[in-house]
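1. fold the following.
(3 chains)
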Amino acid sequence: MNRLQVALRQVALLVVALVVGGLFIVLAGYNPFAVYGELLAGAGFNLVLAIIPGNPAGISTNIAAGNLFATINVWGPLILLGLSAALPFRAGLFNVGSQGQYWFGAILGVQLGITIGSNGGLLAAFLGAIVGGAVCGAIAGALKALRGANEVVTTIMINWLVVYTGHFLYGYAGPFANPVTQQPVSVPFPEGMRLPELLKSGITLHAGILVALVAVAVFGVLMSRTGFGFSVRTLGSNRHAAHYAGMPTKRLTVLVMGIGGAFAGLAGFVEITGTTGQITGSNIVGSSSFAFAGIAVALLGRNSAVGVLLAALLFAALQSGSRFLSGSFPPELASSLSGVLQAVIVFLIGANSLFSYLGGLNGIAARLPIRKTQGAVE
Amino acid sequence: MFSALPTVPLLSLTGITKRFGNLVANSDVSLDVRPGEIHALLGENGAGKSTLMNIAAGYARADEGRIEVRGVPQEFRLPADAIAAGIGMVHQHFHLVDRLTVAENIVLNDEPGSAVLIDYKAANGEVRDLSERMGLPVDPKALVADISVAMQQRVEILKTLYRKADVLLLDEPTAVLAPAEVRDLLTVIRSLADSGVGIVLITHKLDEATLVADRLSVLRSGEIVARFDRGDASPAELAQEMVGREIHTVVARPHAVGATVLSVTDLEVDDSRGVPALRGVSFEVGESEIVGIAGVDGNGQAELVGVLAGLVTPNSGRATVAGEPLAFEHPRSIARQGVAHVPADRRKYGLVADFTLADNFALRGYYTAPFSKRGFLQRGVIDSLCAENMAHYGVKARGVDALAKELSGGNQQKLILAREMFTSPRLLLASQPTRGLDVGSIETVHGRLLKHRDEGCGILLVSFELDEILALSTRVVVLFEGRVVLDRPRSEVSREILGAAMTGAVAA
Amino acid sequence: MRHLTRSTVTVAVGVLIGVVILVFVTNGSGLAPAAILVSTLAIATPLLLAAMGGLISERAGVVNIGLEGMMIVGALAGFLISNATGSWVAGVAGGAIAAGLLALVHAFVSIVLNADQVISGTAVNLLGLFGTEYVFRTFFGLGSELPAIQRAPTLAFPGLGSLNIITIVAVVAVPVLAFVMFRTPVGLRLRSVGENPLAAQTVAIHVVKLRFAAVILSGVLAGIGGAYLSVGSLGSFSEGMTNGRGFIALAAVIVGRWNPFGALAACLLFAVVSALGNGFQVSAGISADLTAGMPYLLTLIAIVVFRESASAPASLGKPLR
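-> Down below sits the predicted model:
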């Protein structure tokens, strides 16, 4: 299959997912076309329409641009979460630990940044987030490499541990909670140390997207041009061959999970120092979608750099658009809907033979678990 | 051509044609087997024997043709249909559940007892009775994982007999056995036939076929090219029919052996289940020497090669390459010491099926010059080196961008050989280098091995094919139950001596 | 019957550890052993049901990391149907059926379409998490008062306390499953399908059918486990209320070496630690967050200590082709 066919198939898959999502909207008693339209507008994608001479749709460019900035601000962390799943996927590892890596990185980074203060605080937060996320991921990698522990189970358990620890740290009277306000949130990350602003139109576009774009570029070069990427791909395609060829498979497993964790930690860094400005205990608890969002982005993007960019943009639009709905669809439903769409997309990707299956139902016999007849091959 | 027997055939296949895409695996093939008869189906790898038998046993469906059992037309959609019609197949690779007992494997899906409770006592008893009656004694309570390959084969045969099969399709049943075990099996097959069972024996070993078969059919490129009755054809004639041309048997010319390349001393290794696989193995390989390791599968060959290639951890013992201690457990360091490795399972270890040929060519050396510089892959260099070496070794493919899985087995093996010899190693570990290849590829691979030997490379050749060992080796070492039971120059061994040694009948 | 002797040892060790912890910790801390035992069984109930489900599926060779999603679907369906019908039985049955249907999708995708079973299971979890959220919010919005539903009844055991009827079902399910798995024809066939589907096929076992049945049954059991949370113990529903229990159950299957008694021992161990944590939270004033984290930490430790061994079904997770 060439690249165009692959891309077309991913688009077809997306359309199917949107149709299934449409059914959910209909079942809740709303009009799917209106809802999808509003989601796109809420994400600021209607800005394109404003370029049409005379602006016949009557788009407010200010609002649309602001909405688009909000979408891009979500896009950055989603790209990074996507990478946190995509790199391990390339090595045949399933990183469901993005949630824990995100928060462990965010907590380490934010606390470090606040402690160091205006002189290098942002850089400290950046490095702290990378280290925090990497440690969190590398632990799961090491348990896999040394003890054969199933990384799906270990990363999920680490997620819960980080979540409860974080909730404790930023809980009422928690050690890291704001001592002044007595609220279950961190001290605000100082204004002067936040990620720089790029543009502003009601909503500020911050430099988080640049961090994400650099990360994607690094990922792309790493995978396609370096010996490290070559060994990761070998490990993912045939770990026996990787062992045979003398690749350091155990070290690679730790490294790959560590780098994946670092990407997730960076996502936390970007979100806190760019958008929210502080860590909230309740946000930590309500973040179980993070781990899966990264997996959905990576799978839809086929674990490639460009694919992750595009897939993350789609989910960013759904997520951000749902916050600016103009009233025809309850926003709390919209946020669940984007999760449902992720679920459907992951199902369809898992079942990537679905299309050929539908095209050949009479071939069921050929699908039965019979050993391929030998003799013809070779 | 046939002697007309009055009996209706137990199984008859008429005009069977089977295509895979453009490839015709069977073309208008007809074959039958009568009660009490052994019908040998001969042909080289890829001739279409297994395809035909899979069709007869319900594992595949023919595009054209008829299957009749005792004169009644059949339509086999699943193996279950064939079993119900009394046809039992024993595959080359056994289909047994390792972690169940012998009896459990045999009675599976037809268990004695009620629908809610298996009567284990009855199961064990029935299996013991059946096995003794058929001359195939087994221990019903043993775990399949714990018994020998020959025993496992008995279990497979008993499985079909327990289901009242009266036609037995045996796919290369002797390939996994030692010569003595082969004789036992052929005796059992004969007595089964005498009790009225019809047997189709698939094989590419001519001596066995001529020894035991009542009739022989030769399959070449999917077509039946010759049929003989017992005694009508000599092995030479059969060989000619099988291959369709004169066969060039390589004969290793005498040559001088140089200094010691590999020296192995008192090597002890456990297998993956913790059972001793090598119990103090010592031998040497010299420059320009091919040392053939003969033995029945499972006597420590896999572990020996595994240790020398750095994939398996030894318990104790030493190995040196050109006088330098071998870097156990470090495949990459071992490769740097000048040891190359053609693995037995090329699809599992030797290649990454979804990678391009260029990437597969770089699989070993990707991290270092000339394949890579400062951590960055040199794509152009990799592509041109790959193309150059593919041409040199006669790998046929549409280009270096082709995927490894698109290649035939022979071309895959040539690519692996090209990659492994790229660094001009001083020692080559060649494990089953020609298994499953067609005759042409076998000739190429053999020719290459001899050429590398002449250029000074020491070669450790592991093979289950005695002919291959005898044709190529300078020295022959026989492994039996993890010990070296024979280590002699090629000129001092014969097929008979090796055969005896492989069953442990001769002391070193 | 080496599997029985080994599992007996596992159970004995598990129970012994549990008792030692119980005696050691309750001694002088003011926690009543009987109360801790009842609380342990209550906490273990959903874990046990899901673990038995996971065990059946995995023994048949299909990885089921979707237990969590199936549980939450069972919890919501149980709540909604119990609310609509006024009957806890209907609620639990509804939870079982809804989760069974979700499992059917997993079965179809993994068995017929030969999908990567971990990816399919991830999709199950996503759909469970967000699908229940979506449906729940469609009915009740955010933060509205929930109706009271009929809860599954409890039975009193003199000298011990009262146990939920679903708890009793869960405990009984373990020996029943062990019997079916190791003594009956269907159990033997199920195991053969998970170990070597080709071998099963050669003796005319319908691999696809058996795997479908196993995966659906695993969903049904996980669904009952989820319904226990809503209909059995709480009489209410909240988003994400399964809190990773499906994954702990999966870990219990692995740690228990794919043996029902082993999984029982693992579930009891996780549960007793939770129960003690809850007890201490009250008696000693330890942060709820830290005690809530204990079972996850314990699971992590257990999965590292009892390394995933050769006892995994040989064809686990391998698509048929």
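2. CA only for contacts and neighbour counts going forward, please
-> OK.
3. in the chain, what residue spans correspond to strands?
-> Looking at chain A here, since you left the chain open. A:197-201, A:203-206 (DSSP state E).
4. wait, I meant chain C there
-> Under the criterion DSSP E, chain C contains strands at C:154-157, C:161-164.
5. and these, which is most packed in?
-> Using mean count of other C-alpha atoms under 10 Å in any protein chain shown, the stretch among the strands of chain C with the largest mean neighbour count is strand C:161-164, at a mean of 17.
6. center of chain C - which residue?
-> The centroid of chain C falls nearest to residue C:50 when counting by C-alpha atoms, centre = their mean (1.7 Å).
7. that one and residue C:188, how far apart?
-> 22 Å (C-alpha to C-alpha, to the nearest Å).
8. ok so, going back, and the strands of chain C: which comes nearest residue C:120?
-> strand C:161-164 (33.1 Å; C-alpha to C-alpha).
9. and the closest one, what other elements does it pack with?
-> For strand C:161-164, the elements it packs on are helix C:33-59, strand C:154-157, judged by 3 or more C-alpha pairs under 8 Å, 6 or more residues apart in numbering or on different chains; DSSP states H and E.
10. got the contact list for residue A:90?
-> A:232-233, A:236, A:303 (C-alpha atoms under 8 Å, 6 or more residues apart in numbering or on different chains).
11. out of those, which is most surrounded?
-> Among the contacts of residue A:90, residue A:232 has the most neighbours (other C-alpha atoms under 10 Å in any protein chain shown), with 27 neighbours.
12. please name the nearest non-neighbouring residue to that one.
-> Once flanking residues are discounted, residue A:232 sits nearest to residue A:91: 4.9 Å by C-alpha to C-alpha, 6 or more residues apart in numbering or on different chains.
13. am I right that the one you found is in contact with residue A:254?
-> No: contact criterion C-alpha atoms under 8 Å: residue A:91 and residue A:254 do not qualify, at 10.8 Å.
14. do stretch C:299-309 and chain B meet?
-> No: using C-alpha under 8 Å from any C-alpha of the partner chain, stretch C:299-309 never reaches chain B; the gap is at least 11.5 Å.
15. show me what from the stretch 201-321 of chain C comes close to chain A.
-> Residues of the stretch 201-321 of chain C lying close to chain A by C-alpha under 8 Å from any C-alpha are C:201, C:207-208, C:244, C:247-248, C:250-251, C:287, C:289-290, C:292-293, C:296-297, C:299-300, C:303-304, C:307-308, C:320-321.
16. which of these are buried, as a PyMOL select command?
-> Restricted to buried positions by 16 or more other C-alpha atoms under 10 Å in any protein chain shown, the PyMOL selection for these reads:
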select buried, chain C and resi 201+207+208+244+247+248+250+251+287+289+290+292+293+296+297+299+300+303+304+307+308+320
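17. just the ones of the residues of the stretch 201-321 of chain C next to chain A in helices?
-> Here DSSP state H is the test, and those give C:201, C:207-208, C:247-248, C:250-251, C:289-290, C:292-293, C:296-297, C:299-300, C:303-304 as lying in helices.
18. how many residues are close by the residue of the stretch 401-508 of chain B found nearest chain C?
-> Residue nearest to chain C within the stretch 401-508 of chain B: residue B:405 (15.6 Å; C-alpha to the nearest C-alpha). Counted with other C-alpha under 10 Å, residues neighbouring residue B:405 total 16.
19. got it, and residue A:217?
-> Neighbours of residue A:217 under the rule other C-alpha under 10 Å: 13.
20. how much space separates the closest residue to it other than its chain neighbours from residue A:36?
-> Of all residues not flanking residue A:217 in the chain, residue A:305 sits nearest, at 7.2 Å (C-alpha to C-alpha, 6+ apart). As judged by C-alpha to C-alpha, residue A:305 and residue A:36 stand 27 Å apart.
21. is stretch A:233-247 up against chain C anywhere?
-> No: judged by C-alpha under 8 Å from any C-alpha, stretch A:233-247 and chain C are separated, with a smallest distance of 13.7 Å.
22. SS state for the residue lying closest to residue B:173 once chain neighbours are set aside?
-> Spatially, and ignoring its direct neighbours in sequence, residue B:173 is nearest to residue B:92 (6.2 Å; C-alpha to C-alpha, 6+ apart). Classification of residue B:92 using DSSP: H, G, I helix; E, B strand; the rest coil returns coil.
23. please pick out the residue of chain B most distant from its centre.
-> Max radial position in chain B (C-alpha atoms, centre = their mean) goes to residue B:374, at 42.4 Å.
24. that older thread, how about CSV for the strands of chain A, with mean pLDDT, distance to residue C:176 and mean neighbour count added?
-> Formatted as CSV, the strands of chain A follow (pLDDT from 0 to 100; distance: least, C-alpha to C-alpha, whole Å; neighbours: other C-alpha atoms under 10 Å in any protein chain shown):
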stretch, mean pLDDT, distance to residue C:176, mean neighbour count
strand A:197-201, 89, 64, 14
strand A:203-206, 91, 60, 21
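25. dump these into a markdown table; add distance to chain B as well.
-> Listed next are the strands of chain A as a markdown table, based on distance: least, C-alpha to the nearest C-alpha, whole Å:
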| stretch | distance to chain B |
| --- | --- |
| strand A:197-201 | 34 |
| strand A:203-206 | 33 |
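26. who wins for proximity to residue C:123 among those strands?
-> Residue C:123 lies closest, by C-alpha to C-alpha, to one member of the strands of chain A: strand A:203-206, at 32.4 Å.
27. roughly how far out does the closest one sit from the chain middle?
-> Centroid separation between strand A:203-206 and its chain, computed with C-alpha atoms, centre = their mean, to the nearest Å, is 20 Å.
28. partners of it, with directions?
-> strand A:197-201 (antiparallel) (DSSP bridges).
29. residue A:50 contacts residue A:59, correct?
-> Yes: taking contacts as C-alpha under 8 Å, residue A:50 lies within contact range of residue A:59: 5.6 Å.
30. so which helix or strand takes in the nearest residue to residue B:294 once chain neighbours are set aside?
-> Excluding its sequence neighbours, the residue lying closest to residue B:294 (C-alpha to C-alpha, 6+ apart) is residue B:478, at 4.7 Å. Assigned by DSSP states H and E, residue B:478 belongs to strand B:475-480.
31. can you name every helix or strand that that strand contacts?
-> In this structure, strand B:475-480 packs against strand B:290-294, strand B:483-489, helix B:495-502, with contacts taken as 3+ C-alpha pairs under 8 Å, 6+ apart.
32. the last one vs strand B:290-294, what angle?
-> Put plainly, it is helix B:495-502. Going by axes from the mean of the first three to the mean of the last three C-alpha atoms, to 10 degrees, helix B:495-502 is angled at 60 degrees with respect to strand B:290-294.
33. avg pLDDT for helix B:495-502?
-> Averaged across helix B:495-502, pLDDT comes to 86.
34. ok, the second one next?
-> For strand B:483-489, mean pLDDT is 94.
35. how far away from the center of its chain is that strand?
-> Centroid displacement of strand B:483-489 relative to its chain, using C-alpha atoms, centre = their mean, is 23 Å.
36. paired strands for it, with orientation please.
-> Assessed with DSSP bridges, strand B:483-489 is paired to strand B:475-480 (antiparallel).
37. and if you look at the first one?
-> Neighbouring strands of strand B:290-294 in its sheet, by DSSP bridges, are strand B:458-462 (parallel), strand B:475-480 (parallel).
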